[in-house]
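Chemist: fold the stuff below for me.
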Amino acid sequence: MALTTPKIFFITGASSGFGQAFATRFLQDGHTVVGTVRKPDDAAALEKPAEGTPGTAVARLLDVTDDEAVFATVAEVEETVGPIDVVIANAGYGHEGILEESPMSELRRQFDVNVYGAVATLKAALPFMRERRRGHLMGVTSMGGLMTIPGLAYYHGSKFALEAILETLAKEVKAFGIAVTAIAPGSFRTDWAGRSMVRTERSIEDYDELMNPVRANRLAAHGNQLGDPTKAAEAVLSIAGRPDAPVHLVLGSDALRLVGTARKGVDEEIERWAELSRTTDIPDGVQITS
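Modeler: Model prediction:
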């Protein structure tokens with residue numbers, strides 16, 4: 001389902017993976033795509049789409065961990081390109097490593113990019129959208145923001161945080177006509193498990209039995225994942241700008257299965273211990289209703 005009128009999309013991390021797939025598909029539909037990249041060569045490539053592509057591609061060099069640069073770039077785009085209709089905070093990467101083995105510096109770096117960079121992007125666009133009383137703010141999270149597996153504690157932490165921030169934001173801006181969507185893909189054929197992943201070196205033998213097969217399986221699956229990034233772009237395009245857009249959009253049958261199983265497990269555990277949970281109430285205390 002294509003948008004009926006041309007829109008301006010602002011996409012971070014547009015040089016590869018989902019960002020590149022989004023940009024390519026949206027340009028094919030005649031939209032304007034402002035994509036942020038880290039390198040001049042990537043900017044040049046973005047601004048030279050395939051011959052005959054009807055959309056307009058605009059590149060901006062940006063490090064999303066530089067808050068001032070993020071705000072300045074969004075403001076400049078609003079002034080020189082036009083009002084941004086849809087923001088997709090996509091820039092991010094994966095960290096793989098057992099929590100005990102992984103340095104704290106890697107956790108801080110993971111949050112700098114995956115959480116703080118995404119939030120800065122959304123915050124930068126929000127005042128413009130609020131003033132216009134329209135717009136769509138999106139963030140690419142992961143099925144790993146709704147379920148977990150061993151060896152991705154830092155990554156899961158960053159994506160769970162972004163899921164929660166986006167869900168909260170959706171409630172804060174709904175009255176302004178602004179939609180918010182957390183895009184949670186499963187396993188797709190991107191560079192996430194390749195060059196876009198940082199891997200902490202193994203060091204503690206006690207975790208070998210758990211972690212070695214997980215790492216080996218992920219490396220073996222790279223390039224053979226179930227998900228097609230082009231189809232993901234089509235799905236995102238189909239909801240972009242819609243007032244009834246979902247707050248949580250899970251992409252991929254593997255994600256549906258794994259997220260569903262994980263959430264069912266949490267619900268069952270909460271119910272199993274509900275009687276103990278209720279013992280902590282003060283009888284005449286105030287009951288939270290929302």
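Chemist: who are the contact partners of the residue sitting nearest the centre point of the chain?
Modeler: For the chain, the residue nearest the mean C-alpha position is Val140 (1.5 Å; C-alpha atoms, centre = their mean). Val140 makes contact with Phe18, Ile88, Ala89, Asn90, Gly92, Ile183, Pro185, according to C-beta atoms under 8 Å, 6 or more residues apart in numbering. No exception for glycine: its C-beta is placed from N, CA and C like everyone else's.
Chemist: got the phi/psi numbers for the fourth one?
Modeler: Phi and psi for Asn90, reported as degrees, to the nearest 10, are phi -110, psi -30.
Chemist: hmm, it is touching Ala14, no?
Modeler: Yes: applying C-beta atoms under 8 Å, one finds Asn90 in contact with Ala14, separated by 7.4 Å.
Chemist: identify the contacts common to the two.
Modeler: Shared contacts of Asn90 and Ala14 (C-beta under 8 Å, 6+ apart): Phe22.
Chemist: which stretches of the stretch 101-250 of the chain form strands?
Modeler: Ranges of strands within the stretch 101-250 of the chain are 135-140, 178-185, 197-199, 248-251, based on DSSP state E, counting those that start in this stretch.
Chemist: with mean pLDDT and distance to Ala240 added, can I get those strands in TSV?
Modeler: Formatted as TSV, those follow (pLDDT from 0 to 100; distance: least, C-beta to C-beta, whole Å):
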stretch	mean pLDDT	distance to Ala240
strand 135-140	98	6
strand 178-185	97	9
strand 197-199	87	28
strand 248-251	97	11
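Chemist: and these: which comes nearest Glu106?
Modeler: Comparing the strands of the stretch 101-250 of the chain by their distance to Glu106 (C-beta to C-beta), the top pick is strand 197-199, with 6.6 Å.
Chemist: picking up where we left off before, looking at Asn90 and Ala14, which one has more neighbours?
Modeler: A side-by-side neighbour count of Asn90 and Ala14, using other C-beta atoms under 10 Å, places Ala14 first with 31 against 26.
Chemist: correct me if wrong: the more buried one contacts Lys39.
Modeler: No: Ala14 lies out of contact with Lys39 (C-beta under 8 Å); the separation is 11.6 Å.
Chemist: distance of the residue nearest to the centre of the chain relative to Thr289?
Modeler: For Val140, the distance to Thr289 equals 33 Å [C-beta to C-beta, to the nearest Å].
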